[in-house]
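In: Let's see this in three dimensions:
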Amino acid sequence: MFRIALLGLICALAASMARGRGLGPDALWLGLSLLGMAAAALSPLWAWLWGRRGRRESLEARKSAERARLLAEADRHRAALTRNLARAVKRNDYGAVTSDKTPEALEEFFASVKLDFALIDRAEASALVSGRLSARKKEPRRPSFDPEALPGDGHAFEAWVAEALSGFGWKAQTTPGSGDQGLDVIARRNGKTLGVQCKLYKSPIGNKAVQEAHAGKAFHGVDAAAVMSNAAFTPSARALAEATGVKLFSPHDIPELYEKTFGARRRSA
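Out: The predicted structure follows:
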């Protein structure tokens, strides 16, 4: 703003001096003088408009960055997010929706990733996440694996987990039913061994499953132990798992189970 005003004043002064000395047509110098004075007078407006444009561009850049971050978080937590959104919709035995807590599940996700609602409102954020999950769901995946195509009973679920893990590079097998000692599936990959307790439940999984998996880890001598369930886990079970190092998974985690268990980049088996 100062530079524009100074330039305008200099132009007006130079034009006035030239006019006073008769160096050219009066009309020309008068016009230049008035133009310079107008530029100086309007410099605050020009500065405001320029600053507003800069602020608008900066805000749009911040919004774009926050949208990109939200989509990246949706990709990073896709398994858990997909699972929680599926659990948010309750249906009765006839397929009718009896409860839909999708907004609450999304709100929990937004709070967990610290979404800036000053840059993205909830409606846009919900649409972005839903769109990304739908797009990811349509991506090609292993035809033999569907995390939602679960069997109907617990023993079949154990075999299903072992088969699914085998499809992702593990050497997995179920343990004998009478002597599993807390682990239903033993899986090996890249020199690491994982013991899995499988729970096909409708109600949340409590402490007992975590305790049994932890005991099974010591008994079988595996590198890590986990509980795999289609159901949610109680807060106390999550706290106990955190304390004991037992992993808590859903079938949606199976494609990336090695990375999530051992924190290593996937290698070809």
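
In: what's stretch 118-127 in contact with?
Out: 59, 62-63, 66-67, 70, 103, 106-107, 110, 115, 117, 128 (C-beta atoms under 8 Å, 6 or more residues apart in numbering). Where C-beta positions appear, they are placed from N, C-alpha and C, glycine not excepted.

In: should've said stretch 99-111
Out: 73-74, 77, 81, 84-85, 87-90, 117, 122, 125-126, 129.

In: that older thread, just the buried subset of the contacts of stretch 118-127, please.
Out: By neighbour count, with 16 or more other C-beta atoms under 10 Å, the contacts of stretch 118-127 hold 66, 70, 106, 110, 115, 128 as buried.

In: Of those residues, which pair is most distant in space?
Out: Maximum pairwise distance in the buried ones among the contacts of stretch 118-127, criterion C-beta to C-beta, is 15.8 Å, between 66 and 106.

In: I'd like the average pLDDT over stretch 245-252.
Out: What stretch 245-252 shows for mean pLDDT is 94.

In: Using PDB, write out every CA atom in that stretch.
Out: Extracted C-alpha coordinates of stretch 245-252, given in PDB (Å, rounded to 0.1, in the frame of the first residue of the first chain):
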ATOM      1  CA  GLY A 245       0.600 -56.700  24.400                       C
ATOM      2  CA  VAL A 246      -2.300 -58.800  22.900                       C
ATOM      3  CA  LYS A 247      -3.500 -57.500  19.600                       C
ATOM      4  CA  LEU A 248      -7.200 -57.000  18.900                       C
ATOM      5  CA  PHE A 249      -8.300 -57.500  15.300                       C
ATOM      6  CA  SER A 250     -11.300 -57.800  13.100                       C
ATOM      7  CA  PRO A 251     -11.500 -59.800   9.800                       C
ATOM      8  CA  HIS A 252     -11.000 -56.400   8.000                       C
END
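
In: quick one: buried residues of it?
Out: 246-252.

In: export those residues to JSON lines and tack on secondary structure and distance to residue 211?
Out: JSON lines is the format used below for the buried residues of stretch 245-252 (DSSP: H, G, I helix; E, B strand; the rest coil; distance: C-beta to C-beta, whole Å):
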{"residue": "246", "secondary structure": "coil", "distance to residue 211": "9"}
{"residue": "247", "secondary structure": "strand", "distance to residue 211": "14"}
{"residue": "248", "secondary structure": "strand", "distance to residue 211": "13"}
{"residue": "249", "secondary structure": "strand", "distance to residue 211": "17"}
{"residue": "250", "secondary structure": "coil", "distance to residue 211": "20"}
{"residue": "251", "secondary structure": "helix", "distance to residue 211": "22"}
{"residue": "252", "secondary structure": "helix", "distance to residue 211": "24"}
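
In: measure residue 72 to residue 82 for me?
Out: From residue 72 across to residue 82, the span is 16 Å (C-beta to C-beta, to the nearest Å).

In: Since that was my last question, I'll sign off now.
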